[in-house]
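need a 3D model of the following:
(chains A and B)
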Number of protein chains: 2
Amino acid sequence: MTDPLVVFQPSGKRGRFPAGTPVLEAARALGVYVESVCGGRGICGKCQVAVAEGQFAKFGIVSKAGHLSDAGAVEARYAEKRELAAGRRLSCSAAITDDVVIEVPDAFRIAGQTIRKDATSVGMVRNPAVRLCYVELEPADLATQSGEAERVSAAIEAHFGLAGVTMDFGALQGLQAALGAGARKVTAAVRVDGPAPRIVSVFAGYTEELTGLAVDIGSTTIAAHLVDLMSGEIVASQGVGNPQIRFGEDLMSRVSYAMMNEGGAGALTETVRAAVNSLITELLDAAGRSRASLLDAVVVGNPVMHHLFLGLDPTPLGQAPFTPAGSGAVSCRADEIGLALGTGARVWVPPLIAGHVGADAAAVLLAERPQDNPHPTLIVDVGTNAEIVLWDTKTLYAASSPTGPAFEGAEISSGQRAAPGAIERVRIDAGTLAARFKVIGGEKWSDEPGFADAVAATGVTGICGSGIIEAIAEMLMAGIVGADGAIRGPQTEAERARLVPEGRTFAYLLSAGEPRLMVTQNDVRAIQLAKAALYAGARLLMDRAGIEAVGEIRLAGAFGSYIDPSHAMVIGMVPDCALDRVTAVGNAAGQGALMALLDGARRGEIARTVAEVVKVETALEARFQEHFVAAMGLPNSRDPFALTRARFSLPPLAVPDPGQRPRRRKSR
Amino acid sequence: MTDPLVVFQPSGKRGRFPAGTPVLEAARALGVYVESVCGGRGICGKCQVAVAEGQFAKFGIVSKAGHLSDAGAVEARYAEKRELAAGRRLSCSAAITDDVVIEVPDAFRIAGQTIRKDATSVGMVRNPAVRLCYVELEPADLATQSGEAERVSAAIEAHFGLAGVTMDFGALQGLQAALGAGARKVTAAVRVDGPAPRIVSVFAGYTEELTGLAVDIGSTTIAAHLVDLMSGEIVASQGVGNPQIRFGEDLMSRVSYAMMNEGGAGALTETVRAAVNSLITELLDAAGRSRASLLDAVVVGNPVMHHLFLGLDPTPLGQAPFTPAGSGAVSCRADEIGLALGTGARVWVPPLIAGHVGADAAAVLLAERPQDNPHPTLIVDVGTNAEIVLWDTKTLYAASSPTGPAFEGAEISSGQRAAPGAIERVRIDAGTLAARFKVIGGEKWSDEPGFADAVAATGVTGICGSGIIEAIAEMLMAGIVGADGAIRGPQTEAERARLVPEGRTFAYLLSAGEPRLMVTQNDVRAIQLAKAALYAGARLLMDRAGIEAVGEIRLAGAFGSYIDPSHAMVIGMVPDCALDRVTAVGNAAGQGALMALLDGARRGEIARTVAEVVKVETALEARFQEHFVAAMGLPNSRDPFALTRARFSLPPLAVPDPGQRPRRRKSR
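Below is the predicted model of the structure:
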């Protein structure tokens, strides 16, 4: 008689095992990852599986719940103590008795709580670089001559299907105390992303607490997420302004500061690390998690942020040939960069794509995987430097383009950072030239009843990046600015209230409240320069790839995710594309950081992907200047998508319902 | 026509290479280790080889100097700048033109300067875990998009026959400064003992300075050697008393201190680390070497010293079941244990053999390799705990025996540590019972003219361990003590001057000077206990192995190396053995540490050897007590070697010429 066949779903991996083999053992033998903290003692309940019942013609078997052994004492005890859903079995305890199809629940808990819209771990694969292994040591005796560390390693090897386990010196130093406090029962944190498994921390007794950190260091904002690495859930999120801002608003002014001041780079490094450390403390407090459990971190940032965070000199990034100190992925100990995490914690930073295209762009690649697309795809991470990635269905190209800080509200007369009180949505009536708008933190449009109450806390304080883009796009569509970007003067008495002289030019009055918020001629020029740089960068990559159009455009970045794609296309920020193929994908860099944190295997993948990217240096390409100059103007039609519509046979442009937020992808 | 055949000696590795292949390239292709710091630029001169001329029937070739290309500009330049001995060629420059036999000079410079008699690196294999690689980087340019770190790694891979080179974060942090100071020429220190080569430090410009440290931490003395890892030479040696001595003379009193005092273990750890750090500073100053160049260290010690040095709790070592925190080899960063070495420096500590048999015993195994012997071999590392290793020609056995501190001069009425002024050699005239002696630091015997001058600096201050053993052996041979260990009373008036009453017993007056130095009845008892423990441990292992006699005995340890084997045998310290097969092998633990430092490959070897050792726990074996009791007496004959002589047909015991030091092995 042949042994029973066991099939694991969704992987489809299968094999025959002697009747009586525990499901967990069969899973390990087939390389199916089933979580287990307790190593098969029926304590942790992480190894739950279910039997898929029915006739499986594909495998030639009939699978029934009864094809596993009856639930024994271990499962009964677990069910009593910690609850076991109907149909669920502990794979460490349930033995195969006949042909069976086993469903492994998504290792990642789909119910993951989404705390911030723009960073969610739903749908990601959980395969962390650090795992927890609970072991119970026999009392030490004279017959066994090995040390405690060797006993712990041997127990892990015996119960967790790992080989060649060693203990790091840092963990060894805490081992005796943990064994004492835990009455010889300890949970070891084992790092599994190296050539051999290494115990990096040891906790007294049984614990399921294993925490990870994903940080996205932007020039303006630092966003961090604390993740439960056992469930994949984000347990706390927090953002703060990057305090380096006092050394300079944009990247180049910070590089200059580092260059011009003795110890300047050191001060910038200390400042950003202190901010990250504060964030960590806040996140741990908010989530009620121990620092000791925080054992893995992924940090992404543009090249300058990357260098300053890692304590590397950013000066070479400020001048040709923009050579980074290191462009490969960095893996270092948390304490090497002054971060206070748990014992043995490491920090991983994705590779830089080039001196101007950062670890954040690498994370975007990881999150978005444009190379899976069958059509040419453009991803633009909009910021002070726009990082642009193009997939032409064969090759990945990347470049960065110096858009300047206008998109972040700087260099704009009424500009401000995206914060409560800032105008983020604008609509202009082409007849009356009257504007209505929405501010961040206020739920209502300015012409709706109750608006004043809705913004009472902050008032209307300025215009943020997405607001200025909408304002200028609406001004263009209302005929207030022309293709050359000039704001026209008033033609009627009524228009004088909106189009007011400012020096030799005119400005558009967006809000007459206090403060008065205007869009000046200089503001339009600043946005023209910025969008021309962005457009030119994208065109340059398309030239390099030899393509004339793309099938999809994704706007990424803290700012990019709030841009309304239709308005962005009105002003010609991005190349032609069907409007419904232009999406805001949120903080893709942060998403990429989360993915790399949750799934250690992604780290090698992104390093390989980045190595294959064709780097295009905008400063070296004469055509960049040509594209830039050509893109300075604004599209000279109220329907700038004529070309696109013709190509994709789309109906005339419908301005999106003002009440709606820009379209986001479903998964978000 | 077939390609020329090249044979490398002494390894005999051979292969065919196209004419024009540089010798260095052929060596690398065949896995022959030829040193090169400059990666084949003709700068370092480390890759020198010579042609063996003649007819080599074995290889079927004729080898001639002319079968290498003529010396070109590179060799001429090197010879001019740094001298090139006649017949020597730079293998990076000399190309193969015809069949040739190449002699690779011993990688290790045999002329190694011997600074301390008891630690010399002569004859050891040099294959350090860290290598120096000099590279010259092209100016950074826009076309190459990789970072500086990746360029350095790539250059090393290209020039040094290494693959998969990465840079540690610690090295990355110093890279930009080194590149700047060295005008893009740097020397990288590459650690080659892991799964892949890792750059751990980067120095500006060209350097050949690479330093290692070997430390032997004894309960009483800490001995350290600084080694030039490029030549294998010991460049400085220094010993200091272990300042932990103020917490307790012997190991167990220090363990008690750790156990009884809050923070006691921490204080012991801090004390020994501070002493090692001071030693390091002194050694670097003495040798004129930079701390930055000190990148590798090996530290050995008994289990208690091992634990205290590494910051582990020694308490479990003080009571059954004597379980160490970790018994495997420890590799840690120097800064993890508070040692100030260069950037990226690591410290390696050999495995413990058991809770009582330390990393020092493992080092002894490494240095002595008893398992290479065709006859049963006993190695005794004499100290407060004697560590005993037996090779029975099939298996290695190890045990430790609690000899107590008597052999180190403690618990002896006139005892003292081995230091200038201490009596270390004793002869007693069996007729007159008069004693003559030598003291440490004095060249003359006490009955020779000029003795007083020779010891003027210190006087005669006490008796050290080797002195008390000789005194008691001589007393036995002179009939002053009997087989039961009792000191007899005077039988003549003349004897009253030497055999003086002390309480109810008698004492022997060794020196009538100031202070008066006596050997009391209690002293004899203390030595009886100590030697019985040592003997019983050795016998226990022989029982386990089922052998009755050994073919060789080696006395190791700071103390063991000064014991006169014949006197040790007179009092029955060690089992019977032909006298000329009993040798003092010096500080074998320190030698082992040096070997592991010079040859990284030895580290894995010792770990494998230790894993195979059969550990015998004396406390568990009833026969240990039996042997101990039986061995308490002193051999009851003036010729205690009757048995040995009969077995080996040796002439009657000849007491060695008093003028001679005990026989040491030639290699020392």
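
point out where chain A drops to low pLDDT.
A:1, A:106-124, A:558, A:560-561, A:636-668 (pLDDT under 70).

okay, now the domains of it?
A:5-103, A:130-204, A:214-356, A:361-405+A:526-647, A:414-519 (automatic domain parsing).

end-to-end on the shortest one?
Pointing back at domain A:130-204 there. 17 Å (CA to CA, to the nearest Å).

stretch A:63-75 now?
21 Å.

try stretch A:510-522
Per CA to CA, the first residue of stretch A:510-522 is 15 Å away from its last.

for chain B, what's its nearest residue on the stretch 401-550 of chain A.
For the stretch 401-550 of chain A, the nearest residue to chain B under the criterion CB to the nearest CB is A:Arg544, separated by 14.1 Å. Glycine gets a C-beta too; all of them are placed from N, C-alpha and C.

how about that residue, what does it touch?
Contact analysis of A:Arg544 by CB atoms under 8 Å, 6 or more residues apart in numbering or on different chains lists A:390, A:397, A:614, A:616.

A strand includes the second one, no?
Put plainly, it is A:Tyr397. Yes - assessed by DSSP: H, G, I helix; E, B strand; the rest coil, A:Tyr397 belongs to a strand.

that one and B:Val550, how far apart?
A:Tyr397 is 75 Å from B:Val550, where distance means CB to CB, to the nearest Å.

more neighbours: these two, which one.
B:Val550 (26 against 20; other CB atoms under 10 Å in any protein chain shown).

secondary structure class for the more buried one?
Going by three-state DSSP: B:Val550 is coil.

got the contact list for it?
B:375-378, B:390, B:542, B:575, B:577.

can you redo the domains of chain A as a markdown table with distance to B:Glu605?
Shown next, in a markdown table, are those (distance: least, CB to CB, whole Å):
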| stretch | distance to B:Glu605 |
| --- | --- |
| domain A:5-103 | 33 |
| domain A:130-204 | 18 |
| domain A:214-356 | 28 |
| domain A:361-405+A:526-647 | 32 |
| domain A:414-519 | 62 |
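
isn't A:Ala435 right up against A:Leu517?
No - A:Ala435 is beyond contact range of A:Leu517, at 9.3 Å (criterion: CB atoms under 8 Å).

give the intersection of the neighbour lists for the two.
Contacts common to A:Ala435 and A:Leu517, judged by CB under 8 Å, 6+ apart, are A:509-511.

reformat those as a markdown table; add distance to B:Ile43, secondary structure and neighbour count.
As requested, the shared contacts of A:Ala435 and A:Leu517 are exported to a markdown table (distance: CB to CB, whole Å; DSSP: H, G, I helix; E, B strand; the rest coil; neighbours: other CB atoms under 10 Å in any protein chain shown):
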| residue | distance to B:Ile43 | secondary structure | neighbour count |
| --- | --- | --- | --- |
| A:Leu509 | 72 | strand | 18 |
| A:Leu510 | 69 | strand | 26 |
| A:Ser511 | 71 | strand | 20 |
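
would a markdown table of these with distance to A:Leu308 be doable?
Below are the shared contacts of A:Ala435 and A:Leu517 laid out as a markdown table (distance: CB to CB, whole Å):
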| residue | distance to A:Leu308 |
| --- | --- |
| A:Leu509 | 40 |
| A:Leu510 | 36 |
| A:Ser511 | 37 |
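
and those residues near chain B, which?
Residues shared between the shared contacts of A:Ala435 and A:Leu517 and the neighbourhood of chain B: none [CB under 8 Å from any CB of the partner chain].

is it correct that the residue of the stretch 401-550 of chain A closest to chain B falls within a strand?
No - counting by three-state DSSP, A:Arg544 is not found in a strand; it is helix.

tell me how far A:Val349 lies from chain B.
10 Å (CB to the nearest CB, to the nearest Å).

my guess is that residue contacts A:Ala297. True?
No - here A:Val349 lies out of contact with A:Ala297, judged by CB under 8 Å, at a distance of 9.2 Å.

and those two? Which one has more around it.
The residue with more neighbours, out of A:Val349 and A:Ala297, is A:Val349; 30 against 26, by other CB under 10 Å.

wait, what's in contact with A:Thr207?
A:132, A:134, A:187, A:293.

which SS state does A:Ile606 fall under?
Under three-state DSSP, A:Ile606 comes out as helix.

check contacts around the nearest residue to it once chain neighbours are set aside.
Using CB to CB, 6 or more residues apart in numbering or on different chains and skipping residues adjacent in sequence, the residue nearest A:Ile606 is A:Leu366, 4.6 Å away. Residues near A:Leu366 by CB under 8 Å, 6+ apart: A:350, A:592, A:595-596, A:602, A:605-606, A:609.

which single one of these is nearest to B:Glu282?
A:Pro350 (45.4 Å; CB to CB).

how about the residues of the stretch 551-668 of chain A near chain B?
A:615, A:617, A:619-620.

list the ones among these that fall in helices.
Using DSSP state H, no member of those sits in helices.

and the two most separated of the residues you listed?
Longest span within these, CB to CB: A:Lys615 and A:Ala619, 11.9 Å.

between the two, who's got more neighbours?
Taking neighbours as other CB under 10 Å, A:Lys615 and A:Ala619 compare with A:Lys615 leading, 21 against 15.

hang on, the earlier thing: now the residue nearest to A:Ile606: how far from chain B?
From A:Leu366 over to chain B (counting by CB to the nearest CB), the distance is 19 Å.
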